[in-house]
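Chemist: A structural model of the following input is requested.
(chains A and B)
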Amino acid sequence: GAVVSQHPSWVICKSGTSVKIECRSLDFQATTMFWYRQFPKQSLMLMATSNEGSKATYEQGVEKDKFLINHASLTLSTLTVTSAHPEDSSFYICSAQAGGHNEQFFGPGTRLTVL
Amino acid sequence: GENVEQHPSTLSVQEGDSAVIKCTYSDSASNYFPWYKQELGKGPQLIIDIRSNVGEKKDQRIAVTLNKTAKHFSLHITETQPEDSAVYFCAARVETSYDKVIFGPGTSLSVIP
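Modeler: As a prediction, this is how the structure comes out:
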């Protein structure tokens, strides 16, 4: 199957700083990428959907000014957590899809810890 | 919007026994139902999926059934092995322009050797 990578795999930062997480589709072009957040022992919650070259669509309750998403190319999307706080500590997972109605491939996730 | 429920939340079986996880969905527009396996600290991996024009699909020890009328779908794992231990998520996809996947709450499966 197709491969999606995330970088970094884990990050620890101080409260108030910003953190950028990258999601890459390694062997296919992803027209759509999705960002999820997963708290311990909970399910994946969709944060936003991004299409290459256009603004991301955020789910209800997700602050677009706090979670900046950029999908500048067909193989790369970034999520920037701005002014991170301890409650933002979570497992962030991206997925990528090539065109509509196709399988979504998930990345390995990024563990964010905000001190 | 779509809501996916999943039962049980935890499931323990003896190695070699079968495991069944059941899900329901709310939006009749959903027509794609993937199942994911997530191991600790990793992203989810697709293990099987089914579309609404099919009632059952099987892949070796894994099978999925779909009752579109009742909005139920189930995962069946036969001859369970310790490496099947993980969290399993059912999901439903609403065929909109963004094709977003809505996940169920998950089932933690433990296979006891």
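
Chemist: interface residues of chain A facing chain B?
Modeler: Neighbours of chain B within chain A, by CB under 8 Å from any CB of the partner chain: A:1, A:4, A:6, A:32, A:34, A:42-46, A:49, A:51, A:57, A:93, A:95, A:97, A:100-101, A:103-109, A:111. Heads up, the C-betas are built off the backbone N, CA and C, glycines and all.

Chemist: now, which of these lie within strands?
Modeler: Among these, the members falling in strands are A:4, A:6, A:32, A:34, A:45-46, A:49, A:51, A:57, A:93, A:95, A:97, A:104-106, A:111 (criterion: DSSP state E).

Chemist: list only buried entries from the residues you listed.
Modeler: A:4, A:6, A:32, A:34, A:45-46, A:49, A:51, A:57, A:93, A:95, A:97, A:104-106 (16 or more other CB atoms under 10 Å in any protein chain shown).

Chemist: return the member of the residues you listed nearest to residue A:70.
Modeler: Distances from residue A:70 to those, taken as CB to CB, are shortest for residue A:51 (11.8 Å).

Chemist: which residue is the nearest non-sequential neighbour of the closest one?
Modeler: Nearest-residue entry for residue A:51: residue A:32, 5.3 Å, with adjacent residues in sequence omitted and distances by CB to CB, 6 or more residues apart in numbering or on different chains.

Chemist: centre of the chain versus whichever strand or helix holds residue A:72, how much separation?
Modeler: Here residue A:72 sits within strand A:67-73, counting by DSSP states H and E. Averaged C-alpha coordinates place strand A:67-73 at 9 Å from its chain's average position (CA atoms, centre = their mean, to the nearest Å).

Chemist: was I right to think the residue nearest to residue A:51 contacts residue A:103?
Modeler: No - Residue A:32 is not in contact with residue A:103 according to CB atoms under 8 Å; the separation is 11.8 Å.

Chemist: which neighbours do the two share?
Modeler: Common contact partners of residue A:32 and residue A:103 (CB atoms under 8 Å, 6 or more residues apart in numbering or on different chains): residue A:97.

Chemist: looking at chain B, which helix or strand does the model trust least?
Modeler: In chain B, the helix or strand scored least confidently by mean pLDDT, DSSP states H and E is strand B:101-103, which has a mean of 90.

Chemist: ok, residues contacting it?
Modeler: Residues contacting strand B:101-103 (CB under 8 Å, 6+ apart): A:34, A:43-46, A:95, A:104, B:1-4, B:25, B:34, B:36, B:89-94.

Chemist: past it, which element shows up next along the chain?
Modeler: In the C-terminal direction, the helix or strand that comes right after strand B:101-103 (DSSP H and E) is strand B:107-112.

Chemist: number of residues surrounding residue B:82?
Modeler: Other residues within reach of residue B:82 by the criterion other CB atoms under 10 Å in any protein chain shown amount to 10.

Chemist: next, the angle strand A:45-51 makes with the strand holding residue A:72.
Modeler: An angle of 30 degrees separates the directions of strand A:67-73 and strand A:45-51 when computed by axes from the mean of the first three to the mean of the last three CA atoms, to 10 degrees.
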